[in-house]
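[1] Below are the sequence and a predicted model; questions follow.
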Amino acid sequence: MSVGIVDCGGANLNSIKYALRRINVDAEVSSSIDVLKTKDAFILPGVGSAGVVMSYLKNKKLDEFICNTNKLTLGICIGMHVLFDYSEEDNTKCLGLIKGEIKKFKSDSKPIPQMGWNYVDGIDEFTSISNYYYFANSYYSRNTKECFGTSSYINKITSIVRKNNYIGCQFHPEKSSTAGELFLKYFINQI
Amino acid sequence: MLTKRIIPCLDVKDGVVVKGIKFLNHKKVGSIIDMAKKYSDEGADELVFYDISASTKDALVSKKWVEEIARNINIPFCVAGGINDVENARLILNSGADKVSVNSPAIENPLLIQDLAKTFGSQCVTVGIDSMEIDGKYFIYSKTGDIKTRTNTKILTKDWIKKIQVLGAGEIVLNCMNQDGVKNGYDINQLNYLKSSIKVPLIASGGAGSKIDFYDVFCKTNISGALAASVFHSNDIPIKDLKNYLIKRNINIRK
C-alpha cells in the first residue's frame, strides 16, 4: 500500500511523508499523473495559498485527476480548502467537490491567523479522534452539511469535512503529535 | 478554544545548541536532534531553531539538520537565521520546517516579508524582533548574534511592528533584550505597551526564570505563546511540570 502526496507546488511535502513513515506507511511525493495513478490513496498537502495551489493543480492537469478519482483523498488545510467551490483567498475558484465557500477570519480582538493547538470535536464516525490538533490558518469553512468535526476560533469552524471519498481537515495531522498520528492511522485504515 | 503555546527555543551555533547571557558568551548545551526530540516527547507545543551564527556570517542554515528534525519530531517547528530570499526559505520549508523566521535580513530589506508571505502564505512567515529599551523608548536591534555586529537600528519597535504586519508577517516573536537570559520574568510592560498595535499572534521571548513567570505573562498579557531556552535546557523547569502547573491555574494549555 502506498499513498500519493500530491505536489501542489507549496512546501511542507516532506513533513507529511515523514509523518506517514513514522506510522510505517509508504508515501511518495509527485505531481505526475502516471506516478499518482499507481497509488492507493492521496493526500493534498496544505501550505501555500489557495490561488497558488489551484493554478499549480490546473497546470499539471491534476485538478481533473483529483475530481475524477474514487480513491480516498485527504486534503489538509489549503488542501481541504480547494475541495470546496470557492475560496476568498486570492478570489479563487476551487475544485467544487464540496459545496460552500472558504472565508477569511475577521476579528478585532483575536489574532489572525489562528496559530496553535485547538480542540477538535469529532462528529459521528470521527467522534473517536476528538483531540487537540495543530492549526495555522487565516481562512476557514462553516460547512454544516458534510461537517464531521468542529472547533471554536472567532466563530464555530468546520475542522473536518467528508463527502464520499473526499476528507478534509483544517488542522495539520502531520504536525499534531500522537493525536495527529492516530488521525492519519484512522485515514489509512479506511483505504 | 485555542490553547496558549509553550515554545522551547534552541539557539544553534556551528551545529550545536548554545545559550548565552544577554546574547553573549554562548555555551554549548547539547545536540540539536537529541534536544528537539526530548522537547517534542515532553509535550512542547512548537520548537524554534535560531541559527545565530548564520545572519552574522551571511551563511544560509544548512538544510541537512532541518530535514533531520522533520524526520524525528511530530510537532511544528520554525527555522530562523540568515534566510534572506524566497529561494532560501523554500529550501528550509521543503526540508520540513513549518515556518521561517526572519529578523536582520527583513530590516535590511522589508519587502522580503511581502515576498515570503505572497509565496508561502502569511502563516509561514514569522518576524523575529530584538527590542531594547533605551531611556523609556523601545528600539529594534539587528545582527544580535554577535556583539561585534549588533546594531541599534534607531527604528522604534512600535513603528516596525506596524510595518511588518502590513507587509504580511503572520506571527511576531518579540525578544525583549533587557530581559534576555537574566530570568527576571517576561517584559510584561513592553508586551502590553505594544499589544494594541499587534493583530497577528505574538510570542513573548526573554526573561523566563520560573513557572510563575509563565503564569504571569499569560495572565497579564494577551500573548499567544511564551518562548524560553535556558530554563528548559537546564531542566530547571521540565515542560510537563510547567504545563500541569498552568493547567491547575486555569491557563488554557494543551495537556
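    Arrived safely, thanks for sending.
[2] so how far is the helix or strand harbouring residue A:27 off the chain centroid?
    Secondary structure from DSSP states H and E places residue A:27 in strand A:26-30. Mean C-alpha position of strand A:26-30 versus that of the full chain (Cα atoms, centre = their mean, to the nearest Å) differs by 16 Å.
[3] What average pLDDT does the helix or strand just after it get?
    Tracing the chain past strand A:26-30, the next element assigned as helix or strand by DSSP H and E is helix A:33-36. For helix A:33-36, the mean pLDDT works out to 97.
[4] now swap in stretch A:40-47 and tell me
    The model assigns stretch A:40-47 a mean pLDDT of 89.
[5] can I get the CA coordinates of that stretch in PDB?
    What follows is stretch A:40-47, C-alpha atoms only, in PDB (Å, rounded to 0.1, in the frame of the first residue of the first chain):
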ATOM      1  CA  ASP A  40      -3.900   3.600  -3.300                       C
ATOM      2  CA  ALA A  41      -4.900   7.000  -1.700                       C
ATOM      3  CA  PHE A  42      -4.000  10.600  -2.000                       C
ATOM      4  CA  ILE A  43      -3.100  13.500   0.300                       C
ATOM      5  CA  LEU A  44      -3.400  17.100  -0.800                       C
ATOM      6  CA  PRO A  45      -0.900  18.900   1.500                       C
ATOM      7  CA  GLY A  46      -1.600  22.300   2.900                       C
ATOM      8  CA  VAL A  47       0.900  25.100   2.700                       C
END
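[6] Whichever residue of chain B sits closest to chain A: neighbour count?
    With Cβ to the nearest Cβ as the measure, residue B:93 is the residue of chain B nearest to chain A, at 3.3 Å. Placement of C-beta: from N, CA and C, glycine included. Burial measure for residue B:93: 27 neighbouring residues, criterion other Cβ atoms under 10 Å in any protein chain shown.
[7] Just confirm it is within a helix.
    Yes: assessed by DSSP: H, G, I helix; E, B strand; the rest coil, residue B:93 belongs to a helix.
[8] on that earlier part again, outside of the strand holding residue A:27, which residues touch it?
    A:1-7, A:13-14, A:16-17, A:20-21, A:35-36, A:39, A:43 (Cβ atoms under 8 Å, 6 or more residues apart in numbering or on different chains).
[9] For that strand, give the mean pLDDT please.
    95.
[10] so where's chain A shaky on pLDDT?
    Counting by pLDDT under 70, chain A shows low-confidence ranges at A:10-11, A:46-47.
[11] Residue B:85 and residue B:112 touch, don't they?
    Yes: assessed by Cβ atoms under 8 Å, residue B:85 is found in contact with residue B:112 at 7.0 Å.
[12] returning to that earlier point: would you mind measuring from the residue of chain B closest to chain A to residue B:253?
    28 Å (Cβ to Cβ, to the nearest Å).
[13] swap in residue B:79?
    25 Å.
[14] So for those two, which sits in the more crowded spot?
    residue B:79 (29 against 23).
[15] Give me the spatial nearest neighbour of the more buried one, chain neighbours excluded.
    Spatial nearest neighbour of residue B:79, excluding adjacent residues (Cβ to Cβ, 6 or more residues apart in numbering or on different chains): residue B:97 at 4.4 Å.
[16] wait, is the one you found part of a strand?
    No: counting by three-state DSSP, residue B:97 is not found in a strand; it is coil.
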